[in-house]
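S.K.: Sequence plus the predicted model coming up.
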Amino acid sequence: MLATVDPELLAGVRFPLGGQTKEETRAEAAAASLAAARRPESQEACFLGGGDYRSFLERQGVAGASGAIVDVEGTRLGTHHGHWRFTPGQRKGLRLTTPRPLYVLGTDATTNTVTVGTRERLARTSVRARGRMYVPVASGEVKVRHRSTPVAAAVEVTDEGFALELEEPAYGVANGQLAVVYVDDAVVGAGVITGSA
């Protein structure tokens, strides 16, 4: 989320642990008897107080209602226990036996449906985002997921933010995640993904 911080505000931001290694920080936490010193690393939403977002939602009373898992033609392949447990690109947890691996292509909150398909169906080459370009550039490299490989893209500023035309397909692009545009190691734009094709 730091990519969305206005560059004008960065001069006032302080990172008190910024000069330490991870090991030094863990040692300092252990010396202060903080439980976090022994906690395993996670890419989940660690600020939710343990577990992933699914367990957080359950603790907040969001119940998992059974719904259909369907393919792109609408054929029912199985059942799930809450569309909100799935994100585009996810493969684990579907509990389906099929000849080819299937991935979550999307979810529908209105019908509590999870749509699945092959990896090829996840491919996206056009991405729209609500945000802003901090530096005007015609191209750069973009990441559409935290661990995704950067992909070269043409950049066009739009009324809501920017549009990207990727030189290679990206997989698991999901509305609500960030698209971050880089030139070398510098963030030159960031926005919340609003659509892809």
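M.R.: Here it is on my side, so go on.
S.K.: So which residues of the protein form helices?
M.R.: For the chain, applying DSSP state H gives helices covering 22-31, 53-59.
S.K.: what about the residue located most distally from the centre of the chain, distance to Thr87?
M.R.: Outermost residue of the chain with respect to the C-alpha centroid, by CA atoms, centre = their mean, is Ala31; its distance is 34.0 Å. Distance of Ala31 to Thr87, given as CB to CB, to the nearest Å: 38 Å. (C-beta placed from N, C-alpha, C; glycine too.)
S.K.: now do Ala35
M.R.: Taking CB to CB as the measure, Ala35 falls 28 Å from Thr87.
S.K.: mind listing what Val72 touches?
M.R.: Neighbouring residues of Val72 by CB atoms under 8 Å, 6 or more residues apart in numbering: 105, 115, 117, 121.
S.K.: Out of those, flag the one nearest to Glu141.
M.R.: Nearest to Glu141 among those is Arg121, at 24.3 Å by CB to CB.
S.K.: Identify the residue spatially nearest to that closest one, adjacent ones excluded.
M.R.: Nearest non-adjacent residue to Arg121, counting by CB to CB, 6 or more residues apart in numbering: Leu105, 5.6 Å away.
S.K.: my read: the one you found touches Pro88, true?
M.R.: Yes: taking contacts as CB atoms under 8 Å, Leu105 lies within contact range of Pro88: 6.3 Å.
S.K.: Find the residues that touch each one of those two.
M.R.: In contact with both Leu105 and Pro88: Leu122, using CB under 8 Å, 6+ apart.
S.K.: Outline the domain layout of this protein.
M.R.: The chain breaks down into these domains under automatic domain parsing: 17-62, 67-121, 123-196.
S.K.: With distance to Glu8 and mean pLDDT added, can I get those domains in TSV?
M.R.: Output for the domains of the chain, formatted as TSV (distance: least, CB to CB, whole Å; pLDDT from 0 to 100):
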stretch	distance to Glu8	mean pLDDT
domain 17-62	20	81
domain 67-121	32	95
domain 123-196	9	95
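S.K.: Burial-wise, tell me which of the ones you listed comes out on top.
M.R.: Most buried of these by mean neighbour count (mean count of other CB atoms under 10 Å) is domain 123-196; its value is a mean of 17.
S.K.: Straight-line length of it, end to end?
M.R.: This stretch, domain 123-196, spans 10 Å end to end (CA to CA, to the nearest Å).
S.K.: hmm, back to that, as CSV, the helices of the chain with distance to Lys92 would be great.
M.R.: As requested, those are arranged in CSV below (distance: least, CB to CB, whole Å):
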stretch, distance to Lys92
helix 22-31, 27
helix 53-59, 12
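S.K.: so which of these gets nearest Leu94?
M.R.: Counting by CB to CB, Leu94 lies closest to helix 53-59 out of these; the figure is 14.3 Å.
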